[in-house]
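S.K.: My questions are about this predicted structure, shown below with the sequence.
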There are 2 protein chains.
Amino acid sequence: MGLRELKKARTRATLHDVAMDLFARNGFDQTTVEEIAEACEVSPRTFFRYYATKEELLFVDSQQRCAALLEIVAEQPLEDPPLEVLHRSLHTLALAYEPERARHVTRARVLDGSPSLRADKAEQQRGWEARLFDELERRNRVAAAPLAAHDLRLRVAVSMAAFRIVFDTWLGIPGTDFAGVLDEAFDQLARGLA
Amino acid sequence: MGLRELKKARTRATLHDVAMDLFARNGFDQTTVEEIAEACEVSPRTFFRYYATKEELLFVDSQQRCAALLEIVAEQPLEDPPLEVLHRSLHTLALAYEPERARHVTRARVLDGSPSLRADKAEQQRGWEARLFDELERRNRVAAAPLAAHDLRLRVAVSMAAFRIVFDTWLGIPGTDFAGVLDEAFDQLARGLA
DNA sequence: CCGCATTCTGTCACTTCATGCCAGAAGAAA
DNA sequence: TTTCTTCTGGCATGAAGTGACAGAATGCGG
């Protein structure tokens, strides 16, 4: 890796970290791109060469976590039913979240501070859902008892909804056992919510 | 109602209709507020007195539908379990959607055309979820066997997810029986998705 | 070490969305 | 008609992006 790529990576990381710090301290809307750029000794124009939008700063991590989730799904045995695959994959993801709770809490605080960010967050999770569905649909085609696309979509959407609710509970109530509560939720989904 | 309020209401409606038409024809991002204002013979400044943002044009209807849903929920018998209340309320809402399918299809086409709009749409549905939860939580407090807040939240989120999936299927596949497919989905939720 | 091609960066200009301010027009009330 | 309220238009402003182009830094072959 040459000096050029190194500096690039460093600038990108600096922009991210500095911006996060400013967001946490002054709020997202109150922080301008100009401020971020100046704090990094970089022109505003350059900022947009690293991140297409100011919002993107907050969702780079999310993209990586989604990719990680997809990998976990890919490792699951093909013969298992979709809901079980979703359950175990999200369980594994929850375990990965556990040690980083503090970061997630501050991130959530920033995200909840701005309506546009809440929207982007929701859209982000919708993106997870779409990619999850694609992955499961690929597996579904070679399954012994394939599900109708609509029913698979339902399972993915419902699982993501459950994950989100448990995630919020985990953030809101210190000491919550993320994976444990998630298991309970999926138990209810499997047995019925009536 | 005086002449002043009448003109106001007419301007508001004209802005909405003209904008929708422009969005459908040229796309949301390609339509500027200036164009909308000019087509309505109004200054851009005035536009923002009627709608806080360009996006708001697309979600006024959604707000009303949410209010309607909340009313339906309020009419449900108090002793019924949450999932059943959600099911019947959304079933009723689905019946109200049926005759307006064409409008929903074009609206969905506009909404899917822009990432920022997809985000707002997702956030809108999150808003429904929050208000639905509040309403059900109020009922829950006086119920015979009250549910834990977390479990109620889960049911609301899962129900909204199901409604969304069925809604999309209804939009995507002409001739779909919205309420019927919704019933099937809720049947699965009640019995278990395993 | 030097020159050349590649690539990154900064400046400038521009568009759009959004908001505050103030003067003036239109409607309502006396 | 006069007066008061309210809506509207124009102007100025700020922030988010984006395109174009010149210049600087880096990498590479000699």
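M.R.: All right, it came through fine.
S.K.: list the buried ones in the lengthiest helix in chain A?
M.R.: Longest helix in chain A, counting residues (DSSP state H): helix A:115-141. Neighbour counts using 16 or more other CB atoms under 10 Å in any protein chain shown place A:116-129, A:131-133, A:135-137, A:139-140 of helix A:115-141 among the buried residues. C-beta here means a position set from N, CA and C on the backbone, and glycine is covered the same way.
S.K.: Show me how far stretch A:117-128 is from its chain's centre.
M.R.: The chain centre lies 9 Å from the centre of stretch A:117-128; the measure is CA atoms, centre = their mean, to the nearest Å.
S.K.: is that stretch anywhere near chain B?
M.R.: Yes: for stretch A:117-128, a contact with chain B is found by CB under 8 Å from any CB of the partner chain, at A:118, A:119, A:120, A:122, A:123, A:125, A:126.
S.K.: Contacts for the helix or strand harbouring residue A:91, please.
M.R.: Per DSSP states H and E: residue A:91 is located in helix A:82-97. When contacts are defined by CB atoms under 8 Å, 6 or more residues apart in numbering or on different chains, helix A:82-97 is touched by residues A:65, A:68-69, A:72-73, A:76, A:80, A:104, A:132, A:136, A:139-140, A:147, A:152, A:155-156, A:159, A:163, A:166-167, A:170, A:178-179, A:182-183, A:186, A:189-190, B:193-194.
S.K.: Any of those buried? List them.
M.R.: A:69, A:72-73, A:76, A:104, A:132, A:136, A:139-140, A:147, A:152, A:155-156, A:159, A:163, A:166-167, A:170, A:178-179, A:182-183, A:186, A:189, B:193-194.
S.K.: The residue nearest to the spatial centre of chain A and residue B:28, how far apart?
M.R.: A centroid search over chain A (CA atoms, centre = their mean) returns residue A:62, at 3.5 Å, as the residue closest to the centre. Distance from residue A:62 to residue B:28, counting by CB to CB, to the nearest Å: 24 Å.
S.K.: got the residues of chain A near DNA strand C?
M.R.: Within chain A, the positions lying close to DNA strand C (CB under 7 Å from any atom of the strand) are A:4, A:7, A:8, A:11, A:41, A:42, A:43, A:44, A:45, A:46, A:49, A:50.
S.K.: and the angle for the next helix or strand after the longest helix of chain A with helix A:82-97?
M.R.: Using DSSP H and E, the helix or strand that follows helix A:115-141 in sequence is helix A:149-172. With axes from the mean of the first three to the mean of the last three CA atoms, to 10 degrees applied, the angle from helix A:149-172 to helix A:82-97 works out at 30 degrees.
S.K.: Now helix A:149-172: average pLDDT?
M.R.: The average pLDDT within helix A:149-172 is 98.
S.K.: Beyond that helix, next helix or strand please.
M.R.: Reading on from helix A:149-172 to the C-terminus, the next helix or strand found by DSSP H and E is helix A:178-191.
S.K.: for that next one, the distance to its chain's centre please.
M.R.: Mean-position distance between helix A:178-191 and its chain equals 19 Å (CA atoms, centre = their mean).
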